[in-house]
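> Pasted the sequence and its predicted model underneath.
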Amino acid sequence: MPVLNLPDADLYYELHESPVVGVSDVSANRPALMLIAGLASDSQSWLPTVVQTLSQDRAVVVLDNRGSGRTEYQGEISIPQMASDCMALADHLNLGSVDLLGHSMGGMIALTAARDFSDRINRLVLCNSSAKQSARNRQLFDDWASAYAIEGPTEAWYCNLFYWLLTPEFFEHPHAINELVAMVRAYPHASSPQAYRAQGNAIAGFDASDWLGEIHTPTLVLAAKGDLIFPPNDNAAGLSALANAEVNVFEGQSHSMPMLAPALVLESVIPFLSPSVTAKPAQ
């Protein structure tokens, strides 16, 4: 099991090397890409189709943030700390500069990495993310954490979560909901209640408003019209303050766009990261 041993964490990761260009042969045109997951999600939340497609012409790294998956940690959790973890992993793998694709909380981590390690980040993709948290979201994440601590990851808890994350159309298929709930409940590496709250607190404390304009890294912002967590009028609009940002808002999509519409995400991500590459989604 690949693990990066840090002073206060053992960081689980996976390296998916391209059959065309490996880690030892990356170039400025095809830097390695790191995928950073959101709240209580981990390396396994990225669909195989996404990882396989994006790794056709580059090395792709996925990891478990502190508080999720198989990563073990000590102490508190913060967005800057997780950004530092990502760059420590890049150093460990001798990646040099990298591209970052972050979903939700992962977008906040990626954005912070672009601030703290500006010379190491080539391009950013921020998917269903935000520059700061609303009072409602801070309360919502706290309520989720409290229910998680009391009930555990029950069927009812996950269903309540999915009302916020999935499209209304998804609920037209009860078997799909039942299968999804069964799958996540059977996952052996779910976050502990303490870790879940710690990640939620890290999100609640994130506010890039004062330094967003300092980021000049080429950035692709992907937002969903039906995102109930980070509505695009507030959150994608906030990220559009980035000095070098392109914003795409998709109709009919929700907060879980990378899971429900991976092909749509890839159609935007691939040309942004590699303008000369026309990779096709893996079958």
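Nice, I can see it.

> Quote the end-to-end distance of stretch 92-107.
Between the opening and closing residues of stretch 92-107 there is a gap of 22 Å (Cα to Cα, to the nearest Å).

> Check the offset of that stretch from the chain's centre.
10 Å (Cα atoms, centre = their mean, to the nearest Å).

> Count residues in the vicinity of Val269, would you?
24 (other Cβ atoms under 10 Å). C-beta here means a position set from N, CA and C on the backbone, and glycine is covered the same way.

> Confirm for me that it is in contact with Leu124.
No: with contact defined as Cβ atoms under 8 Å, Val269 does not count as touching Leu124 (11.0 Å).

> anything in contact with each of these two?
Residues touching both Val269 and Leu124 (Cβ atoms under 8 Å, 6 or more residues apart in numbering): Leu101, Leu220.

> surely Leu47 meets Ala263?
No: counting by Cβ under 8 Å, Leu47 does not reach Ala263; the two are 10.2 Å apart.

> With neighbour numbers in mind, choose between the two.
More crowded of Leu47 and Ala263, by other Cβ under 10 Å: Leu47, with 16 against 11.

> Would you list the phi and psi of the closest residue to the more buried one other than its chain neighbours?
Nearest residue to Leu47, sequence neighbours excluded (Cβ to Cβ, 6 or more residues apart in numbering): Pro262, at 5.3 Å. Backbone geometry at Pro262, expressed as degrees, to the nearest 10, gives phi -60, psi -40.

> For the residue nearest to Gly226 when sequence neighbours are not counted, give its distance to Ile36.
Spatial nearest neighbour of Gly226, excluding adjacent residues (Cβ to Cβ, 6+ apart): Ser254 at 4.8 Å. Per Cβ to Cβ, to the nearest Å, Ser254 is found 19 Å from Ile36.

> which of those two has more neighbours?
Ranked by neighbour count (other Cβ under 10 Å), Ser254 and Ile36 place Ile36 first, with 29 against 24.

> okay but that one is in contact with Leu100, surely?
Yes: using Cβ under 8 Å, Ile36 is in contact with Leu100, at 6.4 Å.

> Common neighbours of the two, please.
Jointly contacting Ile36 and Leu100 under the rule Cβ under 8 Å, 6+ apart are Cys86, Ala110.

> which ones are touching the spatially closest residue to Asp119 that is not a sequence neighbour?
The shortest distance from Asp119 to any non-neighbouring residue, by Cβ to Cβ, 6+ apart, is to Ser97 (7.4 Å). Neighbour list for Ser97: Ala28, Pro31, Asp119, Arg120, Ile121, Asn122 [criterion: Cβ under 8 Å, 6+ apart].

> What separation is there between the fourth one and Ser18?
The spacing between Arg120 and Ser18, counted by Cβ to Cβ, is 20 Å.

> Kindly report the same for Gln194.
37 Å.

> So for these two, which sits in the more crowded spot?
Ser18 (19 against 13).

> and that one, which of the three is it?
coil (DSSP: H, G, I helix; E, B strand; the rest coil).

> ditto for Ala236
helix.

> same check, this time on the one 10 residues further on
Look at Glu246: counting by three-state DSSP, its state is strand.

> Run a quick neighbour tally on Gln139.
12.

> Secondary structure element for it, which one?
helix 135-151 (DSSP states H and E).

> Determine the set of other helices and strands touching that helix.
Applying 3 or more Cβ pairs under 8 Å, 6 or more residues apart in numbering; DSSP states H and E, one finds that helix 135-151 makes contact with helix 155-165, helix 193-204.

> What residues sit buried inside that helix?
Residues of helix 135-151 classed as buried by neighbour count (16 or more other Cβ atoms under 10 Å): Asn137, Leu140, Phe141, Trp144, Ala145, Ala147, Tyr148.

> any idea how far the nearest residue to Thr71 once chain neighbours are set aside is from Gly107?
What sits nearest to Thr71 in space, not counting adjacent residues and going by Cβ to Cβ, 6+ apart, is Asp64, at 4.0 Å. Note on Asp64: its distance to Gly107, by Cβ to Cβ, is 17 Å.

> Can you list the low-confidence ranges for the stretch 151-283 of the chain?
275-283 (pLDDT under 70).

> try 90 this time
Residue ranges of the stretch 151-283 of the chain with pLDDT under 90: 151-153, 233-238, 240-241, 274-283.
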